[in-house]
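Q: Provided below for reference: sequence and predicted model.
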Amino acid sequence: MTEARTYTPETDVRPTSADEQPKEQTGEHDHTAEREQTCPECGGNLVADEEHGETTCSDCGLVVEADGIDHGPEWRAFDASERDQKARVGSPTTKMMHDKGLSTTIDWKNKDAYGNSLSASQREKMQRLRTWNRRFQTSNHKERNLRQALGELERMSSALGLPKSVRETASVIYRRALEDDLLPGRSIEGVATSSLYAAARQVGFPRTIDEITRVSRVDEEEFKRTYRYIVRELDLGIAPADPTSYVTRFASELDISDEAERLARELLETAKEQGVHSGKNPVGLAAAAVYAAPLLTNEKITQHEVSEVADISEVTIRNRYQELLEAYDSDAIAA
């Protein structure tokens, strides 16, 4: 009786015939690779569609392979900024930091990688390292100037509730002023305040001069003088502020209805069509519209409340209020 023999891949080498030779040895590998790159129906070129996980023929459209493995990220992005935010290869570069966010920082927590507290000698050592690391990040006076200015921009933007887009634009304006050597004879805070005010108007989130002055460390006269100089030298070409850009913020703080807010915008549009807004303070026009609209929709609001929110005197509100109503009535009669 013959004992059956069992072949195992780990211990035995199974004899192979000529037909079972590896394809690399028989020359069949190249033909297989060529067939994988061509369509089996028409012989056209195959294209890998990573979005749908399919391999299709570019000529006849035959789906050769479906449910392919997607080796890309599990998240989706619809624009460049969103792609930078979601990419897990470090934070994206930003103009809001003097080194564009490319440097490293030492964490302020005195703990090691396992979460254990450091000893007294280790804490002193880490504090010295933080100090030297901070000093090495700014190698010349321009970088030190930029670091202080961008910190000031961040502080004022946070106090005013301005979005990231305004902060980025303000950082770019300040960098241009620094590169064009516009700072000698002017304070860092004054140029930073002017850059933030210009950026807020450019992006479409304007703030009043009084609001900017309250969070700035320079007085109003220096701010205005520096702002005029920066706009002229950098040729920013900032258009006059649109009164309707203030309506949403005023309406939100006064808690008026959506109908009143819509009517306030309509009052301002009518005023612009008739040229009433020319030469007028846009903040005063916006405040008057926000005051007039709730009265037309039978909502209770006082001139004092609007004056407190808009930082405009009640006399200005009354004057602009009458002008807006006259323009609106004349437009209704003409229609």
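A: That came in fine, so what should we check first?
Q: list the contacts for Ala239?
A: Arg201 (CB atoms under 8 Å, 6 or more residues apart in numbering). For every residue, glycine as well, the C-beta is placed using N, CA and C.
Q: what ranges does the stretch 1-150 of the chain have for its strands?
A: 46-49, 54-57, 63-65 (DSSP state E, counting those that start in this stretch).
Q: partner strands of the shortest one, parallel or antiparallel?
A: When you say that, I think you mean strand 63-65. Looking at strand 63-65 with DSSP bridges, its partner strands are strand 54-57 (antiparallel).
Q: run the chain-centre distance for the partner strand.
A: Distance, stretch centre to chain centre, for strand 54-57: 38 Å (CA atoms, centre = their mean, to the nearest Å).
Q: re the thing from before, same list (the strands of the stretch 1-150 of the chain) but as TSV, adding mean pLDDT.
A: What follows is the strands of the stretch 1-150 of the chain, written out as TSV (pLDDT from 0 to 100):
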stretch	mean pLDDT
strand 46-49	83
strand 54-57	86
strand 63-65	85
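Q: so for Ser257, which of these sits nearest?
A: strand 46-49 (50.4 Å; CB to CB).
Q: contacts for the closest one next, please.
A: With CB under 8 Å, 6+ apart, strand 46-49 has contacts from Glu36, Gln37, Thr38, Cys39, Glu54, Thr55, Thr56, Cys57, Ser58, Val64, Gly68.
Q: quick check, the third one in contact with Asn45.
A: Yes. The pair Thr38 and Asn45 qualifies as a contact (CB atoms under 8 Å) at a distance of 6.9 Å.
Q: which one's more surrounded, these two?
A: Just comparing Thr38 and Asn45: by other CB atoms under 10 Å the higher neighbour count belongs to Thr38, 15 against 11.
Q: and the more buried one, what does it touch?
A: Residues near Thr38 by CB under 8 Å, 6+ apart: Gly44, Asn45, Leu46.
Q: burial of the first one, as a residue count?
A: Burial measure for Gly44: 16 neighbouring residues, criterion other CB under 10 Å.
Q: wait, what's in contact with the residue nearest to it when sequence neighbours are not counted?
A: Leaving out its chain neighbours, the residue that sits closest to Gly44 by CB to CB, 6 or more residues apart in numbering is Asp59, at 3.1 Å. Applying CB under 8 Å, 6+ apart to Asp59 gives the contacts Cys39, Cys42, Gly44, Asn45.
Q: swap the cut-off to 7 Å and go again
A: Cys39, Cys42, Gly44 (CB atoms under 7 Å, 6 or more residues apart in numbering).
Q: how far away is Glu211 from Ala159?
A: Separation of Glu211 from Ala159 (CB to CB, to the nearest Å): 9 Å.
Q: neighbour count winner among those two?
A: Set Glu211 next to Ala159 and count neighbours by other CB under 10 Å: Glu211 wins out with 18 against 13.
Q: so Leu236, which of the three states?
A: Classification of Leu236 using DSSP: H, G, I helix; E, B strand; the rest coil returns coil.
Q: so how many other residues sit close to the spatially closest residue to it that is not a sequence neighbour?
A: Nearest non-adjacent residue to Leu236, counting by CB to CB, 6+ apart: Ala198, 5.8 Å away. Per other CB under 10 Å, the neighbour tally for Ala198 reads 21.
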